[in-house]
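[1] sequence and predicted model, in that order:
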Amino acid sequence: MNKNRPHVIVNVAMTIDGKLDTIERKGATISSKTDKQRVDELRASVDAILVGGKTLLNEDPSLTIKSPLLRAKRLERGDEENPIKVAVVSRANLDPHGDFLTKGSARCLIYTTKNTSPEQVHLLEKTGAQVFVRCEKSIDLRDVLRSLFDQGIHTLMVEGGGTLIAGLFNLNLVDELSVYIAPKIFSGSTAPTLADGPGFSNFQDFDLHLESVRKIDDEGGILIHYLNRMN
């Protein structure tokens, strides 16, 4: 663990052609039942879960633990029932009655910019969310991770999307990468991939060490796990 940021675990489910969603970006189902159970267990093991703006606004994810048993085990060890929900979004125009803010008992932290109006910030805070307006146009991911660490968050799971993941890799802020690959093809040049955004200006030579590759279900899904040895 680094001294001033959480241990960051990126977890994604993607198709054979590397897509995290269809061109509609509405949260298409990729994971199998077995992989969903694995993700639930991973969620139960971390302090917080982070998503980026497109994932937040297009999919409105609840980011909650589905298994009552896993939630009960968290309570037994003195944790909250669900991990803290964290969002990084330039303009936080999300539904105050949506799943991210209302589903499950969990703290919600939203990091945004001054593109979010003071009226919207007030509306979100009325739901119980903590809103951090950090800058004018773009958000410093290092600053976000330091802020989370200062709040006692030591393990952070990242569930997308591709722009956020690319930004984290670009700053060498990823410690682990788990990828479930489903035997599906979505196609589409505008469909999100594991690492989106403008692209890296220079080749990034990440020292990703392959920990394991295994078939985890009868549907042909494969789970790949890497460790970033640069950290």
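    Cool, got the structure.

[2] in the chain, which spans are strands?
    Along the chain, counting by DSSP state E, strands occupy 7-15, 48-52, 84-88, 108-113, 130-135, 155-158, 176-182, 208-215, 222-228.

[3] for the ones you listed, give me CSV that also has mean pLDDT and distance to residue 24.
    In this view, the C-beta of every residue, glycine as well, is placed from N, C-alpha and C. Formatted as CSV, the strands of the chain follow (pLDDT from 0 to 100; distance: least, CB to CB, whole Å):
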stretch, mean pLDDT, distance to residue 24
strand 7-15, 97, 14
strand 48-52, 98, 17
strand 84-88, 98, 21
strand 108-113, 97, 25
strand 130-135, 92, 29
strand 155-158, 98, 22
strand 176-182, 98, 17
strand 208-215, 96, 29
strand 222-228, 96, 25
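
[4] what residue ranges in the protein score low on pLDDT?
    Scanning the chain for pLDDT under 70 picks out 1-2, 202-205.

[5] what do you get if the cut-off is 80, keeping everything else the same?
    Along the chain, the model assigns pLDDT under 80 to residues 1-3, 136-137, 200-206, 230-231.

[6] off-centre distance for the longest helix along it?
    Assignment by DSSP state H gives helix 33-45 as the longest helix of the chain. Helix 33-45 sits 14 Å away from the centroid of its parent chain (CA atoms, centre = their mean, to the nearest Å).

[7] what is the orientation angle of that helix with strand 222-228?
    30 degrees (axes from the mean of the first three to the mean of the last three CA atoms, to 10 degrees).

[8] list the buried residues of helix 33-45.
    35, 37-40, 42-44 (16 or more other CB atoms under 10 Å).

[9] follow-up on the earlier one: distance to residue 21 and mean neighbour count added to the strands of the chain, as a markdown table?
    Shown next, in a markdown table, are these (distance: least, CB to CB, whole Å; neighbours: other CB atoms under 10 Å):
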| stretch | distance to residue 21 | mean neighbour count |
| --- | --- | --- |
| strand 7-15 | 9 | 22 |
| strand 48-52 | 13 | 26 |
| strand 84-88 | 17 | 25 |
| strand 108-113 | 22 | 22 |
| strand 130-135 | 26 | 15 |
| strand 155-158 | 16 | 23 |
| strand 176-182 | 12 | 20 |
| strand 208-215 | 23 | 11 |
| strand 222-228 | 19 | 17 |
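
[10] no further queries at this time; thank you.
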